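Participant: when you get a sec, could you give me coordinates for this:
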Amino acid sequence: MLSCYSPMVNMAGSSSQFLQVPKIPLRRPKPQPQQARARSRSRPRSDRPEAVISPIAARPQSPPMPAADSHHKPSLNGFSSHTAHPMTKDITPTPPTYYTPTPDVKMNDVTMADDSTGTNYDDLSTDLNGGMYTLEQCVTPPPEIPLRQKLIGTWKLESYIAYPTPTSVPQRPTYPMTKNVTGFIMYTPDGYMSAQMLIPGQQTFKRGEGDDAQWTEAAKRFFAYSGPFYITDEGPGREETLRHTFQICNLPGWVGDIQIRTHRFEENGEVLVLGSEELAEIKGDKRKPELRWRRARCNLSADPPPPTPQIKISGPEES
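Facilitator: Presented below is the predicted three-dimensional model:
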């Protein structure tokens, strides 16, 4: 015989079905005081059944705020290390201490600049001892002008001096064409040169006149040659080597010759000093010649001068 209270049998039909019987939470007996104390140590007391919390509705709780510390730490560098919590009302924060600059200190008659005013760069021209100094400016030098460009033009002779060598007699500078020698040397843009030198003071005579002695004297007082000039690069130390050619010369033995001329410029390029690599024989003595030329003024727009007055030189037969 089946009990009418059995939940597993359905008396109304032939098919068996399970009945869903709600679970009734059993009320636990109230613990004794000693048991309640022991239980309170292990877990919180709860008389309610465990509630099922949905993971969607669960939110993290904020951590509990710590209690305000009433002790203050010592200040460091004039600033307080304690900061009052915004939720604490019974603690008053210590006002911060700011840096106060010291007054100007004089040192070696130089006043130190105040930090609040920044750096005064105008004072950098004065050193600590009170002296003044100037900073050198870095200036890029201009490019070197080629020798050909510096030579182009006309130069007037200032002096022709032959300096002695260790074997020279006498050991003093001499003047092969006297101190009054005059002349011109010209370099043309198309690569030709011409040089003329004259010893002034000869008695004048016309072309169809004059005897052999006068013509001989005129030849001794004058020297000239012309021809192409060349500037070549022959390696370190000889990047610009100047050569003169003697296509025309009043000395027949020099026609066709090619000679190297040493060169240097002075007075910002206004003076050209020419020499010879080889020693020159002057009156049987080996010497080192040096000719000093000064740049002639430009004559492109100049007006012609008046006629030059004739210079008359007295001879021995004239009083």
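Participant: may I have the secondary structure class of Leu272?
Facilitator: strand (DSSP: H, G, I helix; E, B strand; the rest coil).
Participant: ok, it to Leu242 distance?
Facilitator: Going from Leu272 to Leu242 by Cβ to Cβ, to the nearest Å gives 10 Å. From N, CA and C alone the C-beta is placed, and that goes for glycine too.
Participant: so how far is Phe229 from Ser194?
Facilitator: Noted for Ser194: a distance of 10 Å to Phe229, by Cβ to Cβ.
Participant: could you do Ile145 as well?
Facilitator: Distance from Ile145 to Phe229, by Cβ to Cβ: 17 Å.
Participant: of those two, who's got more company?
Facilitator: Each of Ile145 and Phe229 has its neighbours counted (other Cβ atoms under 10 Å); Phe229 has more, 19 against 10.
Participant: distance of Gly269 from Ile145?
Facilitator: Distance from Gly269 to Ile145, counting by Cβ to Cβ: 8 Å.
Participant: with His263 instead?
Facilitator: Distance from His263 to Ile145, by Cβ to Cβ: 13 Å.
Participant: next one: Phe205
Facilitator: Counting by Cβ to Cβ - Phe205 and Ile145 are separated by 45 Å.
Participant: same check on Arg297?
Facilitator: Using Cβ to Cβ, Arg297 is found at 20 Å from Ile145.
Participant: any regions of this protein where pLDDT drops low?
Facilitator: Of all residues in the chain, those with pLDDT under 70 make up the ranges 1-136, 310-319.
Participant: okay, now the nearest residue to Leu147 once chain neighbours are set aside: neighbour count?
Facilitator: Distance criterion Cβ to Cβ, 6 or more residues apart in numbering; nearest residue to Leu147, sequence neighbours excluded, is Glu240 at 4.2 Å. Residues within reach of Glu240, counting by other Cβ under 10 Å, total 15.
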